[in-house]
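Undergrad: predicted model and sequence below, questions to follow.
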Amino acid sequence: MSVTGAATLAASFWIAVGLIFAANVLLPLQDAFSKGYVQDLPVWQVLLVRSLTVLAIAVAIGRGPVIRRARRARNLRWIVLRALMNLAAWGCFYLALRDIPLAQAITLYFFSPILVALMAGPFLGERVGLGQWAAIAAGFGGVALASGAASFEMSSASAFALLAAALWAGTMLMLRAFSGEEGALAQVVAANVVFVLVTGACALVWGWQADLSQTLGIAAAGVLGGAGQFAIYEAARRIPASTLAALEYGALVSGFGLGWLMFDEIPTAAVWGGAGLVLVSGVAVVGLERLRARAAPPLPLGPFAPAVALAAEAEAEAD
């Protein structure tokens, strides 16, 4: 690889890191605002307002070209499937937020990148070494501790949070596999169209409960979430799935801080201990992945990897 090529890859990596750090603040902030609304309103109604807000902003930015690109996406069926899984994940997560503290919910969310690291090898051809397996095991221990599963006291709300994490892991793998073939903005538009269609159907059946103040508040949370979502899409085009997933552990800091500032929530010792294990796991996976990327030869590609290869070629041509 030439010096220029190496510098370009390094710059792309650090841009992705910056995008993930921004998302690590924006998405927990959205969750903190949404927590108050899902306790008083149906989850689908909160998701409808949020999705309409994100969709309106994305269309205003991209206008006609982004709409046409979303409609003509080569992997539209995968985008729709990923959107449905993502919507189900959000629904489960908001159901969990009704009954458990924000810090615990966000800690349990990080079951998702642990699953991504586990599945990145068979699905994307990204090698997971012994060190990464040890880090993943520590992450599992942290999730079990924070959820109550380690003491056999896991609640239904914790189960909803873990189900959301499993669904998000699937969407993250699909995003990494096909993200390079469509622009981030087109993917945001397509996904939120699916969200609006599903939750809009719920509104037709069950009516509307939110007042104007609540609707505007949810829309403001949607702006934060939309910006975070866009940052995730852009980062996914630049770095491997395991690195992307592990960098999201920074949201733990935001989640604990926001829970304390906005809801006066003091996490239990089990949640603190679980979050610590999860954070150590994430940092270790990132460090090991960076070492592997520098030293390892090219790997055989997994079943989803042709899309990743095409994306790399497209980026090279664009440069």
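TA: Happy to help now that I have it.
Undergrad: any idea how far I106 is from L252?
TA: Remark: distance between I106 and L252 (Cβ to Cβ, to the nearest Å) = 6 Å. Every C-beta, even on glycine, is put in place using the N, C-alpha and C of the backbone.
Undergrad: these two: which has the busier surroundings?
TA: The residue with more neighbours, out of I106 and L252, is I106; 28 against 23, by other Cβ atoms under 10 Å.
Undergrad: wait, that one sits on Q30?
TA: No: judged on Cβ atoms under 8 Å, I106 makes no contact with Q30 at a distance of 11.5 Å.
Undergrad: isn't F33 right up against A220?
TA: Yes: F33 lies in contact with A220 (Cβ under 8 Å); the separation is 6.9 Å.
Undergrad: neighbour count for those two, which is higher?
TA: F33 (20 against 15).
Undergrad: sec struct for the more buried one, please.
TA: With DSSP: H, G, I helix; E, B strand; the rest coil as the basis, F33 sits in helix.
Undergrad: skipping its backbone neighbours, what lies nearest it in space?
TA: A221 (3.9 Å; Cβ to Cβ, 6 or more residues apart in numbering).
Undergrad: quick one: mean pLDDT for the one helix or strand that neighbour maps to?
TA: Following DSSP states H and E, one finds A221 within helix 212-236. Computed over helix 212-236, the mean pLDDT rounds to 86.
Undergrad: what do you get for stretch 158-170?
TA: Across stretch 158-170, the average pLDDT comes to 89.
Undergrad: do stretch 284-299 as well
TA: The average pLDDT within stretch 284-299 is 59.
Undergrad: report how many residues lie close to A137.
TA: When neighbours are counted by other Cβ under 10 Å, A137 registers 13.
Undergrad: what does V223 give?
TA: The tally of other residues near V223 (other Cβ under 10 Å) stands at 16.
Undergrad: ok, the nearest residue to it once chain neighbours are set aside - contacts?
TA: In space, and not counting its chain neighbours, V223 is closest to T53: 6.1 Å by Cβ to Cβ, 6+ apart. T53 makes contact with I218, A219, G222, V223, G226 under the criterion Cβ atoms under 8 Å, 6 or more residues apart in numbering.
Undergrad: wait, the first one touches G36, no?
TA: No: in this structure I218 lies outside contact range of G36 using Cβ under 8 Å: 9.8 Å.
Undergrad: ok, the two, which is more surrounded?
TA: Taking I218 and G36 together and counting by other Cβ under 10 Å, I218 has the greater number of neighbours (26 against 16).
Undergrad: and the closest residue to that one other than its chain neighbours, what helix or strand is that in?
TA: Closest residue to I218 in three dimensions, ignoring its sequence neighbours and counting by Cβ to Cβ, 6+ apart: V49, at 4.1 Å. Secondary structure from DSSP H and E places V49 in helix 43-71.
Undergrad: ok, and for that helix, which residues are buried?
TA: Within helix 43-71, the residues that count as buried by 16 or more other Cβ atoms under 10 Å are 43-55, 57-59, 62, 66-67, 69-70.
Undergrad: and L258, how far from A231?
TA: Look at L258 and A231: by Cβ to Cβ, they are 18 Å apart.
Undergrad: what is the helix or strand hosting G139 packed up against?
TA: Assigned by DSSP H and E, G139 falls within helix 130-147. Helix 130-147 makes packing contacts with helix 102-109, helix 111-124, helix 156-178, helix 269-295 when contacts are defined by 3 or more Cβ pairs under 8 Å, 6 or more residues apart in numbering; DSSP states H and E.
Undergrad: deepest-packed of these, please.
TA: Stretch with highest mean neighbour count among the helices and strands packed on helix 130-147: helix 102-109 (a mean of 28; mean count of other Cβ atoms under 10 Å).
Undergrad: how many degrees apart are that helix and helix 156-178 in direction?
TA: 50 degrees (axes from the mean of the first three to the mean of the last three Cα atoms, to 10 degrees).
Undergrad: other SSEs contacting helix 102-109?
TA: For helix 102-109, the elements it packs on are helix 3-38, helix 76-97, helix 130-147, helix 156-178, helix 251-263, helix 269-295, judged by 3+ Cβ pairs under 8 Å, 6+ apart.
Undergrad: same list (those) but as TSV, adding distance to P240.
TA: What follows is the helices and strands packed on helix 102-109, written out as TSV (distance: least, Cβ to Cβ, whole Å):
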stretch	distance to P240
helix 3-38	10
helix 76-97	18
helix 130-147	12
helix 156-178	7
helix 251-263	19
helix 269-295	6
